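Asker: here's a sequence, model it:
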Amino acid sequence: MARIVLKFGGTSVADIDRIKNVARHVKREVDAGHDVAVVVSAMSGKTNELVGWCRAASPIHDAREYDAVVASGEQVTAGLLAITLQAMGVNARSWQGWQIAIKTDGAHGAARIQEIDAAEIVRRFADNQVAVIAGFQGIAPDNRIATLGRGGSDTSAVAVAAAIKADRCDIYTDVDGVYTTDPRIEPKARRMNRISFEEMLEMASLGAKVLQVRSVELAMVHKVRMFVRSSFEDPDAPGMGDFDNPPGTLICDEDEIVEQQVVTGIAYARDEAQISLRRVEDQPGVAAAIFGPLAEAGVNVDMIVQNISESGATTDMTFTVPAGDLQKATAVLETAKSAMRYEAIQSEQGLTKVSVIGVGMRSHTGVAATAFKALASRGINIRAITTSEIKISILIDGEYTELAVRALHSVYGLDKP
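Answerer: Sure, this is the predicted structure:
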């Protein structure tokens with residue numbers, strides 16, 4: 001039979017009753033004869049509680065000890081699920097990240113997985129043993145626990161799936177799949193049966209919260225087929241055990257999608273801030289002098305627009321950063337003003353980036369013009385635009401977010417069955 005990785009998020013394991021429900025999902029796959037590895041998050045709210053304790057102990061704390069504390073949430077869940085499965089007659093054993101071992105780099109708190117030795121887990125599949133793995137964690141070169149950053153259990157699951165050469169990686173969450181846009185804004189949003197890795201990567205990086213960006217990157221590189229599914233469905237409901245077409249959204253290679261729409265989905269990210277540097281000297285090296293220090297400070301710069309003056313002597317440089325990084329970015333820019341050679345700095349908060357995404361855009365013209373007309377017809381002003389092969393991102397005033405999302409969702413026919 002098949003080899004499957006199942007991942008369950010915090011809301012799916014929020015209490016013992018939820019964990020028992022998760023165990024039923026796992027048992028269903030075991031009873032079907034599959035080899036199963038399970039990756040779990042901490043119980044809902046526990047990671048925030050642990051982070052709060054670290055900050056209360058000391059606002060400035062050792063990142064290695066922080067990791068030792070916050071990784072414990074997933075360890076508790078893994079142990080509880082293993083106990084529950086054993087009580088149901090399923091041969092299960094819990095694993096912490098270091099026991100496998102999931103080897104990471106040394107960036108405590110935001111580590112990246114470098115290698116997984118899954119030989120022992122695969123060996124135990126022969127004994128029909130389920131591996132219940134604590135997500136979000138591994139072991140760093142200093143031989144200490146390292147955590148992978150928020151949403152890291154998704155990445156753990158995909159990495160484990162790649163390591164054991166799984167046929168599929170099911171990401172169970174509190175939604176039943178990936179939608180064409182946020183259903184809370186547009187009730188006509190539809191759940192997609194399939195979406196390509198590239199499209200999902202854009203959706204995740206541009207505001208969709210279903211999956212961590214890094215997990216989609218890993219899945220694309222290692223060709224790990226992912227299913228986004230709801231853990232709140234009855235584990236024994238019709239179709240839940242269907243291996244080829246279970247309810248949810250398959251994230252896969254573009255080649256697996258027969259009928260590809262021009263536009264697949266609309267994503268949005270609130271709380272964007274815009275920074276404008278006025279009358280910057282138009283000389284070689286100025287852009288590097290501006291964006292180099294911002295990168296070193298860990299500020300994520302997005303939509304960059306440069307205007308050339310008539311004289312060619314100066315330029316205006318405008319770009320966006322997350323609103324939470326505005327104060328840090330402004331401080332960096334003001335400190336290095338002489339090296340950056342600009343006259344004035346202006347900033348504005350409360351903006352939103354709305355994005356149109358679809359691999360079909362590669363071979364179709366007029367997609368951008370359609371978006372611009374739709375926004376113009378509703379009186380929405382465009383502040384900045386960036387494009388790639390499969391996406392168009394538009395910066396607008398935050399107050400128009402919902403109107404813009406609905407307008408774009410409708411104009412590309414995404415609200416039609």
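Asker: flag every buried residue along the longest strand along the chain.
Answerer: When the chain is parsed with DSSP state E, its longest strand is strand 265-281. Residues 265-269, 272-277, 280 are the ones in strand 265-281 that count as buried (16 or more other C-beta atoms under 10 Å). To be clear about C-beta, it is placed using only N, CA and C from the backbone, and glycine gets the same treatment.
Asker: one more: stretch 245-256?
Answerer: Applying 16+ other C-beta under 10 Å to stretch 245-256 flags 247-252 as buried.
Asker: for stretch 48-66, same thing?
Answerer: 50, 54, 63, 66.
Asker: now the residue nearest to Leu414 when sequence neighbours are not counted: how far from Ser215?
Answerer: Spatial nearest neighbour of Leu414, chain neighbours left out: Thr180 (4.4 Å); criterion: C-beta to C-beta, 6 or more residues apart in numbering. Going from Thr180 to Ser215 by C-beta to C-beta, to the nearest Å gives 21 Å.
Asker: what ranges does the chain have for its helices?
Answerer: Here the chain has its helices, by DSSP state H, at 16-31, 46-57, 63-70, 72-87, 97-100, 119-125, 152-163, 197-205, 213-222, 286-296, 326-335, 337-340, 367-376, 401-411.
Asker: out of the ones you listed, flag the one nearest Gln137.
Answerer: Of all the helices of the chain, it is helix 97-100 that lies closest to Gln137, at 3.7 Å by C-beta to C-beta.
Asker: that closest one packs against which elements?
Answerer: Counting contacts by 3 or more C-beta pairs under 8 Å, 6 or more residues apart in numbering; DSSP states H and E, helix 97-100 packs against strand 130-134, strand 137-139.
Asker: list the contacts for Gly358?
Answerer: Contact analysis of Gly358 by C-beta atoms under 8 Å, 6 or more residues apart in numbering lists 199, 260-265, 367, 390-391.
Asker: now which of the residues you listed would you call buried?
Answerer: Buried among these by 16+ other C-beta under 10 Å: 199, 261-265, 367, 390-391.
Asker: where is pLDDT lowest across those?
Answerer: The lowest pLDDT within the buried ones among the contacts of Gly358 belongs to Gln261, with 79.
Asker: and the residue nearest to that residue when sequence neighbours are not counted, how far from Met220?
Answerer: The shortest distance from Gln261 to any non-neighbouring residue, by C-beta to C-beta, 6+ apart, is to Gly360 (5.6 Å). Note on Gly360: its distance to Met220, by C-beta to C-beta, is 18 Å.
Asker: neighbour count for these two, which is higher?
Answerer: Using other C-beta atoms under 10 Å, the more surrounded residue of Gly360 and Met220 is Met220, with 19 against 16.
Asker: correct me, but the more buried one touches Leu201?
Answerer: Yes - shown here, Met220 and Leu201 form a contact pair, counting by C-beta atoms under 8 Å, at 6.5 Å.
Asker: center of this protein - which residue?
Answerer: Centrality entry for the chain: nearest residue to the mean C-alpha point is Gln212, 2.1 Å, by C-alpha atoms, centre = their mean.
Asker: next up, the contacts around that one.
Answerer: 150-152, 154-155, 204.
Asker: do Thr11 as well
Answerer: Contacts of Thr11 by C-beta under 8 Å, 6+ apart are 18, 44, 173-174, 231.
Asker: give me the below-cutoff pLDDT ranges for the protein.
Answerer: Low-confidence segments of the chain (pLDDT under 70): 259, 309-311.
Asker: would you map out the domains in it?
Answerer: Residue ranges of the domains in the chain are recorded as 3-254, 265-412, according to the TED database.
Asker: just name the most buried of those domains.
Answerer: domain 3-254 (a mean of 19; mean count of other C-beta atoms under 10 Å).
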